[in-house]
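Asker: quick check, what structure comes out for this input:
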Amino acid sequence: MNIAAAPALNHEHDTHAGPPRGLGRWLLTTNHKDIGTLYLLFSLLMFFIGGSFALVIRAELFQPGLQIVNPYFFNQLTTLHALVMIFGAVMPAFVGLANWQIPLMIGAPDMALPRMNNWSFWILPFAFALLLSTLFLPGGGPAGGWTLYPPLALQTGQAFPFVILAIHMMGVSSIMGAINVIATILNLRAPGMTLMRMPLFVWTWLITAFLLIAVMPVLAGTVTMLLTDKFFGTSFFNAAGGGDPVMFQHIFWFFGHPEVYIMILPGFGIISTIIPTFARKPLFGYASMVYATASIAFLSFIVWGHHMFTVGMPLAGELFFMYTTMLIAVPTGVKVFNWISTMWRGSMTFETPMLFAIAFVVLFSIGGFSGLMLAIAPADFQYQDTYFVVAHFHYVLVPGAVFSIMAGVYYWLPKWTGHMINEKLGRLHFWLSVVGVNVLFFPQHFLGLAGMPRRIPDYALQFTEFNMISSIGAFLFGFSQLLFLYNVIQTIRGGEPATDQVWEGAQGLEWTLPSPVPYHTFATAPVVE
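Answerer: Numbers count the residues shown, from 1 in each chain. Sure, this is the predicted structure:
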């Protein structure tokens, strides 16, 4: 049976009634493609909301002094920008791509738990409505930074319990999505689809799902402890009551560092799918890519202390976290080497998805190198809490997570819609984005090395020029995303019919790819006899 041609499996409606139409279709759907679409559209909306917060931040920082917002509102914006981008834009986008592609890639009829799939999505709009509504409560939204460090986070007013509840809802959604991914991959693979024959995107998501299940309860626990400190008289993090505010940092970053890899590993899978297609060669070192991904996931649990070198950690602790952080660069380096080796002497063409994939490899590597600088404990005392850290993690997450999501959308959208994207518009979007993102974040390295602290709405005069350049880059990058939005809408509504076109070069390689069934961009879904 050809899965792509099969009617959508809808478990809650009998065959006589037919599937619901209109709004009911989207509210009640248990079809993995519909739910994937809902996740991606929701993610796009959150991307623009979180981005608008960032643009207000950069407008304020265009010159010294206080121009647009007061310092407390500035802190609210930095907190909400991070929460919206991480839990609202990046993670739901990857879950949407997983919903669309994993069943197609492994020859499954649908996700293993379709009703839970529906529920895990519909929790999200309510969670973010709750989170964003805190801006309009007396006292305003959360202003403790995205890390919610006590005692600062405990100064948040009436919004605090709403923020904690919203975080719990996001966590529940993430855990249910992860359970669904694991159940689908382990139970619904087509005959002959062994684990070591799965496409890399499926592997990266399987490992990411285990990370999610391991760390989301840690976040839930620590924010609940914050809640009881504020409202129930406990002293987990209150030094006056015998608690320790640094303990919060330990618990938070035990969640926070694997979370960074949750946001990047599915991106590795997307890039590992795109580069072999446009290089017209099988992926170099498939097995080593799987083992590298698993190694990164394991090591991500034992590096959390590198966020905390300046808290007064014992020297042995600093050395341990310094060496483990450097060690995690090794499997990441293996991946970069394999992507470059895949491109080496390939018959490469440079369509929009490939451009984003190459930019990912180059710019993510810059983020990796600045991460190694931050791993050096004595040097980190200089870099800690400066704009160098901001530059580092944005080089990892914007050209890393965001570019890989865009690459995946450009790559698979013709398969989903039957229409080709507007290639000229896609390339224009790419070049504006890649210039904008470098103009935005590269000067922040220099600001940080010169000592400009992060999370401040005002700064000393000597930092003015680099901040101006950075803000111009922010608006260039931000407004160029409107081209992406326009291109996606145009492709969904119509356009050139999708053909094999450049992807046909991969067809001759199907038998050499690590998959027992033909799978590439415009092939039909795997065929199950």
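
Asker: what residues are up against F321?
Answerer: With contact set as Cβ atoms under 8 Å, 6 or more residues apart in numbering, F321 has these partners: 303-306, 309, 313, 377. Where you see a C-beta, it was placed from the backbone N, CA and C, and this is true even at glycine.

Asker: assumed it was part of a helix.
Answerer: Yes: F321: assigned to a helix according to DSSP: H, G, I helix; E, B strand; the rest coil.

Asker: sorry, back to before: pick out the most distant pair among the contacts of F321.
Answerer: W304 and A377 (14.1 Å; Cβ to Cβ).

Asker: buried ones in the helix or strand where I57 lies?
Answerer: Per DSSP states H and E, I57 falls inside helix 32-60. Neighbour-count burial for helix 32-60 flags 32-47, 49-51, 53-55, 57-58, 60 (criterion: 16 or more other Cβ atoms under 10 Å).

Asker: cool, and stretch 424-438?
Answerer: Buried-residue list, stretch 424-438, by 16+ other Cβ under 10 Å: 425-426, 429-430, 432-434, 436-438.

Asker: of those residues, which belong to strands?
Answerer: Among the buried residues of stretch 424-438, no member falls in strands (DSSP state E).

Asker: quick check, nearest of these to G221?
Answerer: Relative to G221, the closest of these is V437; by Cβ to Cβ it sits at 35.0 Å.

Asker: separation between that closest one and L148?
Answerer: 27 Å (Cβ to Cβ, to the nearest Å).

Asker: in this structure, where is pLDDT below threshold?
Answerer: Flagging of the chain using pLDDT under 70 yields the residue ranges 1-19, 500-529.

Asker: same thing but at 50, please
Answerer: For the chain, applying pLDDT under 50 flags the ranges 1-16, 502, 504-529.

Asker: and for A108, the neighbour number?
Answerer: 22 (other Cβ atoms under 10 Å).

Asker: what does V260 give?
Answerer: Residues near V260, counting by other Cβ under 10 Å, number 19.

Asker: repeat that for F309.
Answerer: The number of residues packed near F309 is 23, by other Cβ under 10 Å.

Asker: same deal with Y72?
Answerer: Per other Cβ under 10 Å, the neighbour tally for Y72 reads 14.

Asker: with P191 instead?
Answerer: A count of neighbours around P191, defined by other Cβ under 10 Å, yields 10.

Asker: again with P378
Answerer: The local packing of P378 (other Cβ under 10 Å) involves 9 other residues.

Asker: and the buried residues of stretch 424-438 as a markdown table, adding distance to G371?
Answerer: Formatted as a markdown table, the buried residues of stretch 424-438 follow (distance: Cβ to Cβ, whole Å):
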| residue | distance to G371 |
| --- | --- |
| L425 | 33 |
| G426 | 30 |
| H429 | 27 |
| F430 | 25 |
| L432 | 26 |
| S433 | 22 |
| V434 | 20 |
| G436 | 22 |
| V437 | 17 |
| N438 | 17 |
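
Asker: for M373, state which of these is nearest.
Answerer: Scanning the buried residues of stretch 424-438 for proximity to M373, where the rule is Cβ to Cβ, the winner is N438, at 18.0 Å.

Asker: quick one: that closest one and I472, what's the gap?
Answerer: For N438, the distance to I472 equals 12 Å [Cβ to Cβ].

Asker: try D110
Answerer: Taking Cβ to Cβ, one finds D110 at 47 Å from I472.

Asker: and A391, how many residues sit next to it?
Answerer: A391, neighbours per other Cβ under 10 Å, totals 26.

Asker: ok, and the closest non-adjacent residue to it?
Answerer: Leaving aside its chain neighbours, A391 sits nearest to Q444 (3.7 Å; criterion: Cβ to Cβ, 6 or more residues apart in numbering).

Asker: ditto for G65
Answerer: In space, G65 comes closest to D458 once its chain neighbours are excluded; the distance is 6.2 Å by Cβ to Cβ, 6+ apart.

Asker: okay, buried residues for stretch 283-301 please.
Answerer: Neighbour-count burial for stretch 283-301 [16+ other Cβ under 10 Å]: 283-286, 289-290, 292-297, 299-300.

Asker: of those, which pair is most distant in space?
Answerer: Those two in the buried residues of stretch 283-301 that are separated most widely, counting by Cβ to Cβ, are F284 and S300, at 24.1 Å.

Asker: tell me where the stretch 201-350 of the chain has helices.
Answerer: 245-262, 265-279, 286-299, 315-343 (DSSP state H, counting those that start in this stretch).

Asker: how about the ones you listed in CSV, adding distance to F356?
Answerer: Shown next, in CSV, are the helices of the stretch 201-350 of the chain (distance: least, Cβ to Cβ, whole Å):
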stretch, distance to F356
helix 245-262, 20
helix 265-279, 8
helix 286-299, 19
helix 315-343, 13
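
Asker: just these: most buried one?
Answerer: Among these, ranked by average contacts under mean count of other Cβ atoms under 10 Å, first place goes to helix 265-279 (a mean of 26).

Asker: what's the nearest residue to M406 if we skip its chain neighbours?
Answerer: Distances taken as Cβ to Cβ, 6+ apart put F356 closest to M406, at 5.5 Å, once the chain neighbours are dropped.

Asker: repeat for W205
Answerer: Closest residue to W205 in three dimensions, ignoring its sequence neighbours and counting by Cβ to Cβ, 6+ apart: A98, at 5.0 Å.

Asker: over to F231?
Answerer: Closest to F231 by Cβ to Cβ, 6+ apart is P161, at 7.2 Å.

Asker: the one you found against T228, yeah?
Answerer: No: the criterion here is Cβ atoms under 8 Å, and P161 misses it with T228 at 11.0 Å.

Asker: looking at D110 and I472, which is more packed in?
Answerer: The residue with more neighbours, out of D110 and I472, is D110; 22 against 16, by other Cβ under 10 Å.

Asker: which of the helices or strands spans that one?
Answerer: Counting by DSSP H and E, no helix or strand carries D110.

Asker: do you know how far L413 is from Q101?
Answerer: From L413 across to Q101, the span is 12 Å (Cβ to Cβ).

Asker: which of those two has more neighbours?
Answerer: Ranked by neighbour count (other Cβ under 10 Å), L413 and Q101 place Q101 first, with 26 against 22.
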